[in-house]
Every structure is written in structure tokens, then in C-alpha cells.
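# Quick one, structure for this:
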Amino acid sequence: MQQNIPLAIVLQAIGSFCFASSAYLQHYALGQDSDGNRGKSRLGFGQLWESIKRPRWLLGLLAMGLSLGLQVLALRLAPVSVVQPVGLLAFPWSIVIQAWAAKKRPQKNVIRAVGVTVGATLAFTIITAVSTSPETHLDQNRVFLGALVIYLCAMSLGWLGSKGPRQWRSLFWASGGALFYGLEAALVRSLMEFANRYDWLHSPSFWSILIALLIGSAAAGWMVQQGYATGPAEIVVAAMTITSPVVAVVFGMAVLGETGRLTGVGAFFMLLLGLIAIGGVIWLTLLHPSFDDVEDEHPEPSPPENEPPEGGDDEDHPAEYQAS
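Numbers count the residues shown, from 1 in each chain. Reported below is the predicted structural model:
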């Protein structure tokens, strides 16, 4: 199939809206609203199974499937280093959806963080599109080595999601899932190139890449659900839409050789813009109001039991009874 970059960008843009919708539906199907999971604890298999049976979660799964289907079509039409960054549009879509659901206007600083991140990533995408080489250099050893590095990094982020600071757990989980999703897009592109050049049906390398793709996809889905369970959907979408494109672009450049026309100046600005985009996600994590609802780890001590507050009425002294 011939390359058609404009059509690929349109398909990925539609897919980004589907992804943001999936994030909203699955996040609330897990019951993680402002009163839920304040300890940012890991989601168990039993809890996940209960969520899977909810219609809203299944509708979110359908939206996710549509998003992935559109992404695969886009990858058939354009290099991964061009397609994947367009998924950033899920970030502003998510902010809009959450604001609409809450019937609240996003804070000005949140809008600024979104603007900085979107602007940096769109500029990043333009540079990659201009620098993209029409030819892909497929080296099986480099594909396996690149996949192994990403697996190890994602597992490390998963550990931080379980044991790290509560405020950052959602970001760690989502970033680990995003590493797998970025790898997934790159491996899909690798499989397409492999099928076009070799006898894929009888190739152990092809099936090995496919197995790595399936395992990574399952791990990504699990880690993203943990992200929904430990923080707001916007943070998950932000981490996914920033980290995943960076991983896919780096994989496309270093492993598949997609940006053969990239100059030193272009590489410098790509690095700079990538860092700015990641900084925007961290900024959003610090600003998001959901984190303001986390209970204080050191609440003020309640009155001694032998000295009850005057009046003895729960309604007159809600703070003392909440702390006890």
C-alpha cells in the first residue's frame, strides 16, 4: 500500500478522540471518583474483573478497539514516527471531555500546561514528518534489542507505580503502559515491513515479534487500568499521548531508520521539544485538582476520648470525627 501521510494523520486524529473517550469511560467504570482509592493502591484482579462486567467499561473497551484499529490503518499509510505523535490530540480531547462531564471550566494553569504540551508535540511531529525517509531499514537483531530495552524500562515504571510516592503512582503506571503502547505501534510497523519483504509465514522472527507484541499489549492494558485506579483519567491520557509517541519515534529512528534525512539541527530541536512536552505532563500532574483531594498523611490529632467536644453533636464537629 502506498504512503498517504495526510490520510494517516486524519485517521490517527479520529483515533485519538476514541482513545480519550475510552479513558473517560473506563476510568469512571472503575469507580475512582473524588472519593475513591485515596490511598492510590494497586487494583487487584478481583476489582478489575468486577469493572470489566460493567457496561461503561465495555463501551470504553469498544472505543479503545476502534482507536487501535484506526492506528493500524494509519501505520499502513505512514511511518510510525509520523503517525504516533498525532495521538497527542487525545490529551486536549480528554481535558474537554472531563470538563464537560464535571460541568466545570479547566483552570487557567491547566489550559496553559495543555497548550505548552500540545504546541511542543505538534512541532515535534512536523520535524519528524519533514525528516522521514520513505525507506525503512529492518534489522531483526535491532528490533529485538530495542524491544528488550523498552520492556525493562516499562517494568521499572510498574514497580514505581506500586511502591513510589502516592501522587506520582498514576503517572508511573500510565508511563509504563505508554512505553508498551509505543513499542506496540513500532512492532506493528515492523511486522508490516517484515511481511512485505520476507516469507513471514515460515519465519520464526516474525512470530517472535508477534508474541512480543501480544505480551506487551496485555501488559500495557493492565498498567493503564492501574493508572485509572490511582489517579485522574487526564493524567493517564497525558502520559500515554506524550510518552508513547516519544518511544515510537525513537524506535523508528534508532531501529527502523525512518528519519534518515534528519539533520543535527533537527535532532537538537526534536530533543528540546520532547523535553518540553514531557515537562508539560509533569506540570499537569502537579496542577491537577484531583490531587488536592488526597487526605493529609498527618491529620491533626483528635480530642482525647475522655474529653469529648462540647455539645457531643457529630454535625457540630465534623472535622474532629473525620480525623478519629
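
# When you work out contacts or count neighbours from here on, use the C-alpha atoms and nothing else.
Fine.

# how close does the residue lying closest to Leu89 once chain neighbours are set aside sit to Val237?
Distances taken as C-alpha to C-alpha, 6 or more residues apart in numbering put Ser16 closest to Leu89, at 5.8 Å, once the chain neighbours are dropped. As judged by C-alpha to C-alpha, to the nearest Å, Ser16 and Val237 stand 10 Å apart.

# Need the overlap of contacts for these two.
Ala90 (C-alpha atoms under 8 Å, 6 or more residues apart in numbering).

# The two: which has the busier surroundings?
For Ser16 versus Val237, neighbours defined as other C-alpha atoms under 10 Å are more numerous around Val237 (34 against 29).

# contacting residues for that one?
Val237 touches Ala20, Ala23, Ala90, Phe91, Ser94, Ala174, counting by C-alpha under 8 Å, 6+ apart.

# any idea which of those is the one closest to Ala219?
Using C-alpha to C-alpha, Ala174 comes nearest to Ala219 of the contacts of Val237, at 11.2 Å.

# which strands and helices sit next to the helix or strand hosting that closest one?
Using DSSP states H and E, the element containing Ala174 is helix 166-197. Counting contacts by 3 or more C-alpha pairs under 8 Å, 6 or more residues apart in numbering; DSSP states H and E, helix 166-197 packs against helix 55-77, helix 80-86, helix 140-163, helix 204-230, helix 233-254.

# where in this structure is pLDDT low?
Residues of the chain that meet the criterion pLDDT under 70 lie in 1, 27-53, 133-136, 259-260, 285, 288-324.

# got the contact list for the residue nearest to Leu89?
Ser67, Val86, Gly87, Leu88, Leu89, Ala90, Trp93.

# how about the one residue sitting closest to the centre of the chain, what does it touch?
Centroid-nearest residue in the chain, with C-alpha atoms, centre = their mean: Met240, separated by 1.6 Å. By C-alpha under 8 Å, 6+ apart, the contact list for Met240 reads Ala174, Ser175, Gly177, Ala178, Tyr181.

# could you redo the last one with a cut-off of 6 Å?
Residues counted as contacts of Met240 (C-alpha atoms under 6 Å, 6 or more residues apart in numbering) are Ala178.

# got it, and Ser170?
Ser170 neighbours (C-alpha under 6 Å, 6+ apart): Gly227, Thr230, Gly231.

# To what extent is the second one buried, counted in neighbours?
Using other C-alpha under 10 Å, Thr230 has 31 neighbouring residues.

# Going forward, the N-terminal residue is numbered 239.
Let's use 239 as the start, then, which means that last one is Thr468.

# gap between it and Leu327?
Taking C-alpha to C-alpha, one finds Thr468 at 23 Å from Leu327.

# ditto for Val356
7 Å.

# okay, now Leu509: neighbour count?
Neighbours around Leu509, by other C-alpha under 10 Å: 13.
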